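Engineer: Fold the following, please.
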Amino acid sequence: MGRPNSLARGAIAAAVALLASAQAPARAVVGTLDATPAATILVPYVEVDLTSPLGTTTLVTLEAPLGAALVHATLWTDLGVPVLGFDLFLPAHGSQTLNLRDVLTTGATSSATPNGAYAGCGAAIPPLVLDAPAVARLRAALTGQPLDASGAATCAGAAHGDQVARGYLTVDVVTRCAGLGPADADYFAGGAGRVASDENLLVGSFQILDPSQNLALGDRAVALEADPSGARTREAGRPTFYGALSGFAAADHREPLPTRWSAPFVAAGTGLVVWRDPKTPRAPFPCATPPDPLPAEQIVAFDLAGGAADVTSALPLPLVTQRLGAGAPALPFPWRAGWLSLALGHDPAGVTLPAGARGAAQAYVLVVGSGTACGGEGRFLTGYAATPLDSGTAPDRTLLALPGGGR
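Structural biologist: Presented below is the predicted three-dimensional model:
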């Protein structure tokens, strides 16, 4: 065989370079939404239909592409109350998929064995096994029902009038098994006792499956990098992802999410998943007095010709996480197609915040598209992140000037 010519050599070099770039970790920029290994991942919305084994469920896949990782998963209600935490070990280059139906049905998870490599874990991480009362309390929390039958009528989630569990999931890289989660004071403590790790090792994805309709919606989980040496993620008084849980002390070192988003829509088949930061810790509450709805600064719909309508009051997003449209409650789009500008800043009433944390509020918006958007029978769903219009480390609170002087 003859020697390869210059064109062939160039093609081989290009292929080698492409392979190398595919294997190398993504270059990350703190403050932007990167597809990169992170110290925390956010699954912005989870859903499990508790009435049928063939109903909707959520699968979450965790991967450790750069090295072994001990992680702590926290399940939160749609009002931002943490209701379950458990540890998992991912061996180097390993992965694990969680079916949240299993967790809410049998209260069981399993994990690979870390062989004593992490303090507090022992030779093996004990599997999560919840007894029947604990499973019942967890299901009640995620469906907005009273947590027990004592008569105290304490709730943890929003009541939607059905048996669908709703909430969101966070997963953090941690240094040891401690039985603590992000809402606990010592989780982000400094020094050798710190539980949360700043190593960016974790990748994740999720799928919301409806087997009864042969439908699935999925996307990569939101990667939240830790940067303990960066001024934007270690300066007290500035927002970080978990900042509200520690008085905005920036103890978590996690990059914050944007406040403003742009999302396209086709009225017949577009939905949204919207996660929002309540900016204050949440705990179980009297069922008759749930937390105040989260307001939005401004939501504007534009048609394809640039016409604008303020839909802030018509499109309430009151919960910490919610799904609207495309198989969920309808969205009030004023036109058949266009795009939305969502400025989701807010401040909780009666809470004094540092100057650097006022006004702007973290959010994440996922666009859900249905087959009906194209005139089809609605036999498929698509999910993709909306476009951020600012950065969590440099939020932009400029509101749009609308015709007639409205904002």
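Engineer: For the residue nearest to the spatial centre of the chain, pull up the helix or strand it's in.
Structural biologist: For the chain, the residue nearest the mean C-alpha position is P44 (2.6 Å; Cα atoms, centre = their mean). Using DSSP states H and E, P44 sits within strand 40-49.
Engineer: now for that strand, which elements pack on it?
Structural biologist: strand 57-63, helix 100-105, strand 164-173, strand 203-210, strand 222-224, strand 270-276, strand 321-324, strand 363-370 (3 or more Cβ pairs under 8 Å, 6 or more residues apart in numbering; DSSP states H and E). The C-beta positions use only the backbone N, C-alpha and C, and glycine is treated the same way.
Engineer: Output stretch 186-203 as PDB, nothing but the C-alphas.
Structural biologist: Extracted C-alpha coordinates of stretch 186-203, given in PDB (Å, rounded to 0.1, in the frame of the first residue of the first chain):
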ATOM      1  CA  ASP A 186     -23.300  22.100  58.300                       C
ATOM      2  CA  TYR A 187     -23.600  20.800  54.700                       C
ATOM      3  CA  PHE A 188     -21.700  23.800  53.300                       C
ATOM      4  CA  ALA A 189     -19.600  24.500  56.400                       C
ATOM      5  CA  GLY A 190     -16.000  25.400  55.900                       C
ATOM      6  CA  GLY A 191     -12.900  23.400  56.800                       C
ATOM      7  CA  ALA A 192     -12.400  19.700  57.100                       C
ATOM      8  CA  GLY A 193     -16.000  19.100  58.200                       C
ATOM      9  CA  ARG A 194     -17.600  20.300  55.000                       C
ATOM     10  CA  VAL A 195     -19.900  17.800  53.400                       C
ATOM     11  CA  ALA A 196     -20.400  19.300  50.000                       C
ATOM     12  CA  SER A 197     -17.500  19.000  47.500                       C
ATOM     13  CA  ASP A 198     -16.400  21.600  45.000                       C
ATOM     14  CA  GLU A 199     -15.200  18.900  42.600                       C
ATOM     15  CA  ASN A 200     -17.000  19.200  39.200                       C
ATOM     16  CA  LEU A 201     -17.400  15.500  38.500                       C
ATOM     17  CA  LEU A 202     -21.100  14.900  37.800                       C
ATOM     18  CA  VAL A 203     -23.200  14.700  34.600                       C
END
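Engineer: least trustworthy helix or strand in the protein by mean pLDDT?
Structural biologist: helix 6-23 (a mean of 34; mean pLDDT, DSSP states H and E).
Engineer: can I assume the residue nearest to the centre of the chain is in contact with V222?
Structural biologist: Yes: contact criterion Cβ atoms under 8 Å: P44 and V222 qualify, at 6.3 Å.
Engineer: shared neighbours of those two, which are they?
Structural biologist: Y364 (Cβ atoms under 8 Å, 6 or more residues apart in numbering).
Engineer: Tell me, how many residues neighbour the closest residue to L224 other than its chain neighbours?
Structural biologist: Spatial nearest neighbour of L224, chain neighbours left out: T40 (4.2 Å); criterion: Cβ to Cβ, 6 or more residues apart in numbering. Residues near T40, counting by other Cβ atoms under 10 Å, number 29.
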